[in-house]
Every structure is written in C-alpha cells, then in structure tokens.
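Q: Provided below for reference: sequence and predicted model.
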Amino acid sequence: MTEHPLIANHTPQDDQRSGTLTKAERTLSVTAGAALLLHGWSKGGLGGALQTMAGAYAVFRGTAGHCRLKQALTPTPFEEQFSREHHWPISEAITRSITINRPLEEVSTFLARPEQVGPLLRWVDSVEQLAPDVTRWTLRAPAGKRVQCTLIQSETQEPGVLHWKTPGDARWAHDITLSLSPAPADRGTQVKAVVVCKPAMGRLGYGLARAISLFSDKALLNALQAVKQQLETGEVSNNRLRPEQDDDFFYVHAADDQVTSDHPTVKTGVAIEGGSH
Amino acid sequence: MRALTWQAPNLLQVDNVPDPTILNPRDAIIRVTMSSVCGSDLHLLGGYVPAMKPGDIIGHEFMGEVVEVGKGITDLRQGDKVVTISIIGCGNCEPCQRSDFSCCDNSNPNPSATDLLYGQPCCGILGYSHAFGGYPGSHATYVRVPFADVNLFKVPEGVSDEQALFVSDAAPTGYFAADNAGIQPGDTVAVWGCGGVGQMAICSAYLLGAERVIAIDRYPDRLRLAQERGKAIAINYEKTNVHEALLELTGGRGPDRCIDCVGMEAHGTEIDYAYDKAKQMLRLHTERGSVLRQAIRACRKGGTVSVVGVYGGLLDKFPMGAIVNKALTLKSGQQPGQRYAATLFEHIQRGELDPAYLLTHPMSLEDGAQGYAMFKEKTDQCLRAVFRP
C-alpha cells in the first residue's frame, strides 16, 4: 500500500472544505428554498410549516455555501485514493487503532490466525478454515439473522502488515488491513485496523455504508479490545452472572479441554490458552 | 440468591436472581458478608448516570468470603476473608502496570459506551452501570469478581470487618484524593464533603503530612465527626461564606490543596447552584459544579485541586480562567485502590486510621431500599448503611 492520507482527513489538505457548494448549487438552493419558504408560508398548516422550515434551511444552506449532507456523501481523501488504487468506483473506510502491551511478534502471530480471533468476538458464530489462506466467517446480524463471508489472506510486501480481502465475486467486497508497529517507550504493539468496503449504488450506497459504519465501527473497537484483553490478560472480560444469560451476542467457545472440569457446561469466555497472564 | 436491584430512577427492589458462576479463569465468587451504600450510588439512583437497566444489581463497596475461584487463581482459597477493590483492574495492561488500576484498558466488557462519551474506553466498575461494564454489583448474596488476583485483598490480622469493609472504596478514594493533592508538610488542606469519602480524605491528608485540614459541609453531625474523628476545622457552608472563611484561615493565601469529595450533585447557597439545578432539571447539562468552582476559586496560587467526587458528563461555567491565571494543578480520577490497600491496612493495624466509624446503620439486604432512602436523606445521622446479605 502506498503512502495514504490520514483516514480522519475529510478534506484534501490543498482543497476547499468538503461539502462546499458550487456557485450553481448555491444559486439553486437559495432560489428553490425561497420559493418553498414563500409557498409554505402562504399555504399555512402543518404541511406549510414543514415547507417553510425546509425552504429556510435551503436558503441558509445556499447562503452559507456549505452542506453537511453533501459532506457526508463525499468520500474522504483516503477513500478516493483507495478507490483509485483498487479500481473501485467508490469505497468507504473505517479505522480503529489500539495498543497491545505485548511484543509485536506475539501480536502478529496471534492475529495472523483468524481461527484464534473469531472465537473472541461475540458477533462471530464460527470461523471455518476452507484452505490454508481462506476462512469462512459466520456472523450474527440483527433479528437473529446469520451472514456468511469469506476472507482470503494475502501476502504483503510491507513488514508488520496483515491483509485480507473478500473474493472477487463477493456481493459485499471488503478489504481489511492490520498494520502493526512497535509502540514507543516499550508499550507493546500498536495495531491499526482499516476496513474498507465497496458499496453498491454509488453515492447513495456510500451514504448507507457510512450510516452502517456507526455500528461496524463499534464492532471493530470491541473486536480489537477483545484481542487486547485476550493477549494481555489471558481472558476476555464479560459481565454476566451466568453464561446462559447472554441474550444478544454470545461467542461460541469451542475447545472442551479449556473448560474447567468442575463446570463442564460453562463457556468460559476464553478462547485461547496462552495469554500473557 | 437475593439481590438489591435498580428498577428505575429512585426505585429499588430486592429480587431473586440466579447465582453467579465462574466464567473466566481469573474469576472468584465471593459470598458477601457486608456491602455498603456509597455516595456515588446516589447518582445512579437519581438517574444521572445513563446506561442503567431495570434489574441491574447495584453496590460496589463490600467484603466477604471466597467461595470458589477460577483455575487461574492460585493464592486464594475457599473461606478466605477478602475485601474487593470496586474499580476493576486487570493487572496486565500498561496503565495497571504503572499502578493506575482505575485506568485499566481491559476490565470493561462494554468499551464502546465510554469510548463514545469520554474519547477512550474506561475501566469496569462493579455495580456501576453498563457504561462501566454492566457488572452485577455487591448488594447480593454472591458476586463474581473478575481478575480476582488483582482486585481481592485478604484481610490481615488485627483489622476488623468493619474497618476492612471500607478499604474497598471509601478509604482508598479518600487516600487517593489526598495523595493526588500532593500534600507537603505544613500545608492547609480544604475538603468539601464530609461523607464517608470526605472523612477518609481528611484523615488521609493528616497521614500524608497536612498541618491543618478544613472540612466543609452542611450537616452538623458530619461536621462534628470531621472535627472529632478527623481533627478538622469545620465550616458549615449554610452558615458561613466559605471563600471568605478559607481566606481568613489562611492569611489570605487560600488553602494549599483543595479536595472535592462531592461531585456532580453538589449543593450550595449561591446563585450558581440555582443556575446549575435549573439546567440539570431541564437536562441541559449533567453536573452541578458549585463545589468545584468554589474549590478552584479558593485554592491558593500554584496550588492543587484534587477531585474524587464523581462527575459524569458536562459542566457549565467551568472557571478555566482561574486555573490558568493562578497556575493551578487539577488532578482527578476514580480510585486505584489496588495501589493503596496494603498501605491502608498497615495504617489501620498501627491505629493511625479507623474507618469503622463510617458504618452507622447495619441492616439486612431486605431493607436495602430503606437504607438508600435513609442515606440519601441523611436521616438519623446516616453516614453509611451497610447491608449484611
């Protein structure tokens, strides 16, 4: 991967602010807004009030020259660059970074094996190894649904980078990169996760993907946090009184030999032995 | 088992709930013998801390006996008498390794809530809302304690149960407040709030070298305790202009160290209190900052303001100008009791600290709602109601 702008940049450094309206857009917004405002004012009633408010906003938007909706539907510099490099029509990216207080090699080895990571995540039902570099993930979705996706791990030229992507014919193409680097002052390993998806339906799909990313961003944070907990403490924290109480997300905990003999039916929440503790 | 559960703001009830069980290797199950109310619980009761769900078991200051441990726990046995630090640390993350256990990276199973509120995920706290992990609390027959090797401390010889109980929260919070204040020999320390934490902050300030402690509250019985047990100079803010009194007592300099043991539900007599109260009722902000503003204004130039009273969200009219122009240091945090437990037990064993006087109202868990009502209204000079499940 070439040098990218920060994913947090929403506007190119040498460009005007993202979401800025063109002269034509401003003129149209003010004109149409004023007409709507006047029409709503003369009409009265609830419908008229709504038209008045919408018209007033359009006038304000045109006068100010900036539109938050347009900004929200404009890909970031990182996403623009990613789309160019991968020949995607449009892309939407989320990122999270975390510092894990373990050596880089240990973190890298752990993360390179999705079958170790999957059981830590509450929203993952199972991870099947289809081939040495191919895994099929069964994920929990709202309303009791299950979603399956396949990830192919690919070699990268850059040290400390792990990379997965969905197959070329995937309905929801995704590209996942984990960049690992030593944290300063011996604080372990910094892990930067970047998940990019290829939305369908252009700008509209991009807007939808951004809305969904409010939730997937939370899932990514929880996932990285679970990995950190596992590697640092040897277990993943949970707040239940009993294992069967988890009524929404519960991660499958497989291996019988990791279960204490006193509690044969208890899923302990620890997927992998050998955490640092 | 029986447990005191939160149902809605200002509505508690005792329910039958399932017994907890070992879920992780470093867990321990504790049979609770004493579990105290805490001033910070009142924020949950009042509905000022979001992310509470009906049925949540509250309570976080407690002691008990070990019933069962996970396979990763080797230094605790069934029957050990232990006190639990209510702010959960894992012992492995970078903050825990520098003894900042209350900044633990790993103890909160719901990291996204505080990540959204505060910018980074915060630690888990037993019985203190889903934002802080959603852990079932200690007002119950049993409680599961995660990372038991880090958060449980055996009660040593020469320490009574009534003394040990408060090493769970009130004593380390007060000690942390005084430690954070950076008290130097000869310092005058002002402490706002003379509840359990305030009383412990007063005692701790002397242990850490303060020459004089000034205690500020409005309840005569608490001020009397601060005088008699804490050897503090007492100021009733309903009868005295606190700022003028502090300047009068310190030669116009102001206290060297100011400690806020009150937090987001501060009361006051000045106009800012009415302003805060109105905005809080309208849900326009979450905190009432009378005490914090008063502490910042009174603190001497170059002094330290230490905050252990709980604040949860947004505070209006924060006097940043006074902080900058008087070169004040503002320090705060939830207590990292794991750092202080051994020291506190030593002080208790040597007779230098006796938190047992905080326990004014022992009662059954079945009377939990009544205990909280009594504690909230400060009736019958209630300093701490302690349940014996």
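A: Right, received. Where do you want to start?

Q: only C-alpha atoms for contact and neighbour calcs from this point on.
A: Fine.

Q: Need the per-residue pLDDT for A:I272.
A: Note for A:I272: predicted pLDDT of 37.

Q: can you check A:E158 too?
A: pLDDT, read off for A:E158, is 86.

Q: so B:I29 makes contact with B:I22?
A: Yes - using Cα atoms under 8 Å, B:I29 is in contact with B:I22, at 6.8 Å.

Q: residues shared between the contacts of the two?
A: Here B:I29 and B:I22 have B:68-69, B:144 as joint contacts, going by Cα atoms under 8 Å, 6 or more residues apart in numbering or on different chains.

Q: Which single one of those is nearest to chain A?
A: B:R144 (7.2 Å; Cα to the nearest Cα).

Q: which ones are touching the residue in the stretch 51-200 of chain B that chain A sits nearest to?
A: Nearest residue of the stretch 51-200 of chain B to chain A (Cα to the nearest Cα) works out as B:Y135 at 4.6 Å. B:Y135 makes contacts with A:238-240, B:124-129, as judged by Cα under 8 Å, 6+ apart.

Q: now B:L42
A: B:L42 touches B:K376, counting by Cα under 8 Å, 6+ apart.

Q: what pLDDT does residue 223 get?
A: I went with chain A, as the question did not name one. For A:A223, pLDDT reads 93.

Q: not what I meant, chain B
A: On pLDDT, B:L223 comes in at 97.

Q: If we ignore the residues flanking it in sequence, what's nearest it?
A: Nearest non-adjacent residue to B:L223, counting by Cα to Cα, 6 or more residues apart in numbering or on different chains: B:A234, 5.6 Å away.

Q: now do B:W6
A: Excluding its sequence neighbours, the residue lying closest to B:W6 (Cα to Cα, 6+ apart) is B:L12, at 4.8 Å.

Q: Assess the claim that that neighbour and B:L4 are in contact.
A: Yes - B:L12 lies in contact with B:L4 (Cα under 8 Å); the separation is 6.7 Å.

Q: how about the residues of the stretch 51-200 of chain A near chain B?
A: By the rule Cα under 8 Å from any Cα of the partner chain, the part of the stretch 51-200 of chain A lying against chain B is A:100-101, A:187.

Q: Narrow those residues to those that are buried.
A: A:100-101 (16 or more other Cα atoms under 10 Å in any protein chain shown).

Q: Out of the residues of the stretch 51-200 of chain A next to chain B, name the ones that lie in strands.
A: Within these, residues falling in strands by DSSP state E are A:I100.

Q: I'd like the residues of the stretch 51-200 of chain A next to chain B as a markdown table, with pLDDT appended.
A: Formatted as a markdown table, those follow (pLDDT from 0 to 100):
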| residue | pLDDT |
| --- | --- |
| A:I100 | 97 |
| A:N101 | 96 |
| A:R187 | 93 |
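
Q: where does A:E80 land in three-state SS?
A: With DSSP: H, G, I helix; E, B strand; the rest coil as the basis, A:E80 sits in helix.

Q: For it, the count of nearby residues, please.
A: 16 (other Cα atoms under 10 Å in any protein chain shown).

Q: quick one: pLDDT of it?
A: Note on A:E80: pLDDT of 91.

Q: Enumerate every residue touching it.
A: Taking Cα under 8 Å, 6+ apart, we find A:E80 in contact with A:90-91.

Q: Look up how far chain B lies from it.
A: 27 Å (Cα to the nearest Cα, to the nearest Å).

Q: Same check on A:I98?
A: To chain B, A:I98 is 10 Å away according to Cα to the nearest Cα.

Q: So what touches the helix or strand harbouring that residue?
A: Assigned by DSSP states H and E, A:I98 belongs to strand A:92-100. The contact list for strand A:92-100 (Cα under 8 Å, 6+ apart) reads A:7, A:75, A:79, A:107, A:183, A:187-199, A:206, A:209-210, A:213, A:217, A:220-221, A:224-225, A:228, A:231-232, B:93.

Q: For chain B, which residues are neighbours of chain A?
A: By Cα under 8 Å from any Cα, the residues of chain B that approach chain A are B:18-25, B:71, B:90-94, B:105-112, B:133-136, B:144, B:146.

Q: Counting neighbours, what do you get for A:A131?
A: For A:A131, the neighbour count with other Cα under 10 Å is 9.

Q: cool, and B:Q370?
A: A count of nearby residues for B:Q370, using other Cα under 10 Å, gives 15.

Q: List the contacts of whatever residue of the stretch 1-150 of chain A ends up closest to chain B.
A: In the stretch 1-150 of chain A, the residue that lies nearest chain B is A:N101 (6.0 Å; Cα to the nearest Cα). Shown in contact with A:N101 (Cα under 8 Å, 6+ apart): A:187-189, A:228, A:232, B:92-94.
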